[in-house]
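# no sequence for this one, just the structure:
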């Protein structure tokens, strides 16, 4: 029979776990209490708490038979008791010694958690130091020695000691309320599942309301699960008071640390990723940012420097700001440094704006510290901080005023695992690109539209040449040089903008990223894998890795000299964003929206195979972006679009926003009525194809290919008419005016048809027939030879009729 | 005496025995998405119940010959990742006593070195190599780069 006085083995294990968890939790708080007490030695309650903590450890160590831990905590307790009695002055050296004892206790606990046994060895030196610290007339030299940390604690110092709790499997605390909500959602899903099964069994059509309900439940569930992963950012703040205290002591600076927004919640995985960057930036701020007391006084500032960290949530992001009131970042020194390093010519460096020069601190190898100290300037620079943040879809920017201070703004997404992504096709396969990296999507008509500069394919986008990586070529898939391709312009940390060439842009999806096996990760091409909505497996592209494989390096994008205005064709000043059907918002030019009406207020009639709405005593065609949308539609709004001479009613669910961003208009082949995808505030927006909407009534007839001369404003002719006619199989030549056309005639060129802007009189003899496009106020032209350039179907029909007639005449 | 269960399969003509603890499923191979720029034995990726599996032609880890495609595969867990192994054929589960596991036979083809940790007799007759899955892929990579 077991001795009732000796706890069983299992019980001892539980006790040890409790002891470890409790002590580890208290260590962080204790450290910060100690730092606070140092600043405010008069606060007896702080000191009492610290004293009590060591006393408890001592008691527990005795009970659990940990002699080494017991001796150490006893020595610390004794020293603190002296301070409490007023027998010793609690100066920096004293506090440093106590902090050393805390570090050592933590280190012992880490070993304990792993091996379940107290590590052998002894802390005689540290204990004698604690005794010295408590001695009433200790010598100055002893205090100095203590602050210089000659004793190496077992764990790495600077307050960022590893957590004891790391040993057992990671656990999270979830508020009961949240758990209840998740449970409620799960029950709702069960009910919805039952209804789905019943419908399916009876062969009934599944009602839309049910699908919406399931989708809403899943969204809420996802949100709830995300919340369980959330932790207050406090966890990042905790080690900072100690870190700041140790650094400022070491550097002889006086720094006040202000922490705000610690209750802001962030995904725990992200918390771990940003822990090191934040620590690094705090070190930098104290080492390079904040001046020593003398320099601060000289500059007329308060002797104590202030370092302020604040966190708050903004939309789908967490913003962390780190401000110091130090000397700021000198743009001139950075300019000098890039020139000295041969990264930039002196002229180019001088041409940089101050903020652009300050942003150079994110470039690799540009530490400006004139002396490399033990605290920073160890080769881990801000470039690593930036890269690490970008790896998780975050950004960092710097604002600095020389003499006034520096502020860094870090932006990280709320969660890592579920991200919006663009699904692209390469070589007949789907891949995902994280939406956060995508800046723009452009359409390319064949490889001929690319420039070849220094052996590298580049694409010109608003006066900037962007390096191109052809994913099909990289992946060893056949490339059709004539086919239409898409350039997904991505921003890659440390590289800049790169155009990833893909065959197809299919869709936007929220994807769940799963890690790829090491076997696939080794190629550096994929950062994860996912299962798409259609059940297909797709790889998530590692853009930085692909840039490396494609040998695109830093600064490969070239700014070209500004050559006049180059407004992107088709972009308008303001856009109305709205939702209809799917989750992706759509956009129309605000100028075209004449009115927004309640859909139910429109009187509809079905005539001639199409729906018409009575509006302002006119009959206007109703154009639905989704064919199923009109049937049995109730509620929502309708946009009344007016391009000056035509109207259309576009049913929508609701208006979302009005934005003033320029947008790109391109058309994925798979979607009717959508001209392309643009990125607004990090979200994809489908830009409505106004030409398609306005001309949606009739479909173009098959035509025989013809050669067509287009005369008119080059941007409109080449940007709108040429692609339209070429997509119908015609070949086109664009000239700007009469003179150029006459020159062509001089060369003996002959066309099947001339399409001229309405205000131009084209030369005769170039083609047997001429059509005019544009706005017409007079009736100086035959009505049948005039076409509306926005009415795609009408225009193509008119072209076909003209060609047919001339063909007929020729035959 | 402790019994060990093995799943018998055939890789590149060689009978092998896989510890059933590592085997998650035997599944039909459908819908494999190819992976560009992957090592040669990677056939692609596939999904099963929301998981993404890396599909590996186990035969290509051993031999550089080309093999006919098969309809069944073995899903195994190595570390934290799941792989779908393509093999020539999949046999039965056999139970053997721990002390009936023999040392790897001398004179194995060199490509099996470091993969085979032992051998068992199936029905007291044919010899199947007991293979260590966690080494399989690494060694397979080396075999292929050496070849």
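All right, it came through fine. Values in this document were obtained by computation on a predicted structure and should not be read as measured data.
# Okay, the nearest residue to residue A:135 once chain neighbours are set aside and residue A:29: tell me how far apart.
In this structure, residue A:135 finds its nearest non-sequential neighbour in residue A:88, 7.5 Å apart by Cβ to Cβ, 6 or more residues apart in numbering or on different chains. Every C-beta, even on glycine, is put in place using the N, C-alpha and C of the backbone. Computed with Cβ to Cβ, to the nearest Å, the distance linking residue A:88 and residue A:29 is 24 Å.
# out of the two, which sits in the more crowded spot?
The residue with more neighbours, out of residue A:88 and residue A:29, is residue A:88; 19 against 13, by other Cβ atoms under 10 Å in any protein chain shown.
# tell me the SS of that one?
Following DSSP: H, G, I helix; E, B strand; the rest coil, we place residue A:88 in the coil state.
# Ramachandran angles for it?
Backbone torsions of residue A:88, given as degrees, to the nearest 10, read phi -140, psi 150.
# so it touches residue A:130, yeah?
No: look at residue A:88 against residue A:130 with Cβ atoms under 8 Å: they stay out of range, at 11.2 Å.
# which residues are common contacts for those two?
residue A:79 (Cβ atoms under 8 Å, 6 or more residues apart in numbering or on different chains).
# show me what contacts residue 80?
The chain I'm using is chain A. Going by Cβ under 8 Å, 6+ apart, residue A:80 touches A:47, A:50-51, A:54, A:98.
# Not quite, go with chain B.
By Cβ under 8 Å, 6+ apart, the contact set of residue B:80 is residue A:515.
# Go again with 10 Å.
Residue B:80 makes contact with A:515, A:517-518, according to Cβ atoms under 10 Å, 6 or more residues apart in numbering or on different chains.
# So residue A:95 lies in a strand, does it not?
No: per three-state DSSP, residue A:95 lies outside any strand segment and is helix.
# Can you report how many residues lie near it?
Neighbours of residue A:95 under the rule other Cβ under 10 Å: 22.
# swap in the one 4 residues further on?
Residue A:99 is flanked by 25 other residues according to other Cβ under 10 Å.
# Would you check that it makes contact with residue A:31?
Yes: proximity of residue A:99 to residue A:31 meets the contact threshold set by Cβ atoms under 10 Å, at 6.9 Å.
# Which pLDDT does the model give the residue in the stretch 251-400 of chain A that chain B sits nearest to?
Residue nearest to chain B within the stretch 251-400 of chain A: residue A:269 (15.0 Å; Cβ to the nearest Cβ). You'll see residue A:269 listed with a pLDDT of 78.
# would it count as being in a strand?
No: if the criterion is three-state DSSP, then residue A:269 is helix and not within a strand.
# which phi and psi does the closest residue to chain B within chain A have?
Minimum separation of chain A from chain B (Cβ to the nearest Cβ) falls at residue A:475, amounting to 3.4 Å. With angles defined as degrees, to the nearest 10, residue A:475 sits at phi -90, psi 0.
# out of everything not next to it in sequence, what's closest to residue A:304?
Once flanking residues are discounted, residue A:304 sits nearest to residue A:254: 4.6 Å by Cβ to Cβ, 6+ apart.
# cool, residue A:536 as well?
Nearest non-adjacent residue to residue A:536 (Cβ to Cβ, 6+ apart): residue A:430, at 6.0 Å.
# show me where the stretch 51-200 of chain A has helices.
Along the stretch 51-200 of chain A, counting by DSSP state H, counting those that start in this stretch, helices occupy A:67-84, A:92-115, A:124-134, A:140-147, A:176-201.
# what's the angle from the second one to helix A:67-84?
In this case it means helix A:92-115. Helix A:92-115 and helix A:67-84 are oriented at 160 degrees to each other (axes from the mean of the first three to the mean of the last three Cα atoms, to 10 degrees).
# pLDDT averaged over helix A:92-115 - what is it?
Mean predicted lDDT for helix A:92-115 stands at 85.
# again with the first one
This predicted structure assigns helix A:67-84 an average pLDDT of 84.
# Alongside chain A, which residues does chain B contribute?
B:31-39, B:41-42, B:44-56, B:78-83, B:137-138, B:140-141 (Cβ under 10 Å from any Cβ of the partner chain).
# about what we covered before: what's the burial count for the residue nearest to residue A:536?
Residue A:430 has 20 neighbours, counted by other Cβ under 10 Å.
# measure it to residue A:478 for me?
Look at residue A:430 and residue A:478: by Cβ to Cβ, they are 17 Å apart.
# got it, and residue A:301?
Look at residue A:301 and residue A:478: by Cβ to Cβ, they are 66 Å apart.
# More neighbours: the two, which one.
Comparing residue A:301 with residue A:478 by other Cβ under 10 Å, the one with more neighbours is residue A:301, at 20 against 8.
# Leaving out sequence neighbours, find the closest residue to that one.
In space, residue A:301 is closest to residue A:325, 6.8 Å off (Cβ to Cβ, 6+ apart).
# Break down chain B into its helices, ranges please.
All helices of chain B, identified by DSSP state H, fall at B:58-62, B:133-146.
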